[in-house]
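Visitor: Quick one: sequence plus predicted model below, questions after.
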Amino acid sequence: MNVIMTEEQAAFVETARRFAKEKLAPNYQLLDKQEHIDRALIQEMGAMGFIGPDMPEEYGGLGSSGVTAGLIAETIAHGDFNVSWLCLLGPLMGNIVLHHAQAPLRDEWLPKMIRGEAVIALGLTEPRGGSDAANLQIKAERTADGYVLNGEKTSISFATQADAVVLFARTGKPDEGARGITAFFVPLDLPGVSRTRFSDVGNHVIGRGSLFFDNVRISESHRLGNEGKGFIQVMQGFDFSRVLIALQCIGAAQASLDETWEYTKERQAFGAPIAQYQGVSFPLAEAETLLAGARQLCYHALALRDQGLPHTAEAAMCKWWGPKLAYEVIHQCLLTHGHYGYTTDLPHQQRMRDVLGLQIGDGTAQIMKLIIAREKAGRVAVQYDKGGKK
């Protein structure tokens, strides 16, 4: 890990490293056969401070930095990529609840999430929307004492095991776009909520699926922030989560790379360890270089965030490059292990399947590159329609 850490960060990362090595890594492939992450494991992670390291101490967090959150996400992912999703959701959902929830709701749910007693999902994507995140169809209609929710959210991580969801719904007219979207905190045990589970290529234990809302009533106290401001809230949080996603993927790729270096020292061919052959070692050396570069970009973006400086372009760079690079590195590691690498006995095939999903989720590479172009070229990079309107 090429990051200059404080003594406190180094001690915390060492604790996470031992936990990942001793508790998570041995069970990584076993969990692939389960449909949920054990609640006891989630609570153990919460007790160790891994879920909300950047959350205020008054709510049970460590009051640490975004860089610390990144260090933990990468370290945990080295042991188990899927379990590290908790290190992503904690900071992302925690900051939304912290800054936008009303006090009673915040005081009840934020400590539970940080302790690992509750899992909060993000409800943004819809069946017809995908990358067009501002084009939401789910409706939140006002009533005398709150709102009634009707519609579907899809591709929701932890859909089958989350206790609540930060839901983005349309309170305004369809032609208002992002300005008509409001955020709500919705407990998933309310009447009218149902769920389905997807059969995915990877991330089996995450339980990705759809959430359905059929006349679900929610009080006004569960609205997050002002009406019509929900899209702005989630976009601000994505700059943080995109970097954490990249670090998750880098952590998984580094695990495969570390294992592969060890293999090249032990595997013999033509009377010598295969590490002696440049055809074997050079691709791995290149992978080390590229991972180091991607990692530095990620921690640079988090350092900008911690200092209150703009980092939208840097976060988008991390998001498109990190998952793609991780997949390529793990693929090379699998090939280096030869026919044995192609079996399910080794974890490379699972890591490759698991990181692949994040080339899609939370913004594709094409969307990330569009964001970078807009940040660098300004409004001229925004496409106009035939009528000359943006």
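Guide: That came through, no problem. Computed from a prediction, not measured in an experiment: that's the story for all the values here.
Visitor: contacts, neighbours, all on C-alpha from now
Guide: OK.
Visitor: Got phi/psi on the residue of the chain most remote from its centre?
Guide: Distance from the centre of the chain peaks at Gly271, with 44.7 Å (CA atoms, centre = their mean). Torsion angles at Gly271 (phi, psi; degrees, to the nearest 10) stand at phi 80, psi 10.
Visitor: That one and Tyr277, how far apart?
Guide: 11 Å (CA to CA, to the nearest Å).
Visitor: Tell me which stretches of the stretch 251-390 of the chain form strands.
Guide: Ranges of strands in the stretch 251-390 of the chain, per DSSP state E, counting those that start in this stretch, are 268-269, 272-273.
Visitor: Those strands: lowest mean pLDDT?
Guide: Confidence, taken as mean pLDDT, is least for strand 268-269 of the strands of the stretch 251-390 of the chain (a mean of 91).
Visitor: contacts for that one?
Guide: Residues from elsewhere that reach strand 268-269, judged by CA atoms under 8 Å, 6 or more residues apart in numbering: Ile274.
Visitor: partners of it in the sheet?
Guide: Paired strands of strand 268-269, with direction, are strand 272-273 (antiparallel) (DSSP bridges).
Visitor: Skipping its backbone neighbours, what lies nearest Gly237 in space?
Guide: Residue nearest to Gly237 in three dimensions, not counting chain neighbours: Leu92, with 6.1 Å by CA to CA, 6 or more residues apart in numbering.
Visitor: does the one you found belong to a helix or a strand, and which?
Guide: In this structure, Leu92 sits in helix 85-100 according to DSSP states H and E.
Visitor: repeat for Val148
Guide: Going by DSSP H and E, Val148 is part of strand 146-156.
Visitor: Flag every buried residue along the helix holding Leu92.
Guide: Applying a neighbour-count criterion of 16 or more other CA atoms under 10 Å, one finds 85-98, 100 buried in helix 85-100.
Visitor: Closest one to Glu328 out of those, please.
Guide: Using CA to CA, Trp85 comes nearest to Glu328 of the buried residues of helix 85-100, at 20.7 Å.
Visitor: so what does the helix holding Leu92 touch, helix or strand wise?
Guide: For helix 85-100, the helices and strands in contact under the criterion 3 or more CA pairs under 8 Å, 6 or more residues apart in numbering; DSSP states H and E are helix 66-79, helix 103-115, strand 120-123, helix 230-266.
Visitor: how about a cut-off of 7 Å?
Guide: For helix 85-100, the packing partners by 3 or more CA pairs under 7 Å, 6 or more residues apart in numbering; DSSP states H and E come out as helix 103-115, helix 230-266.
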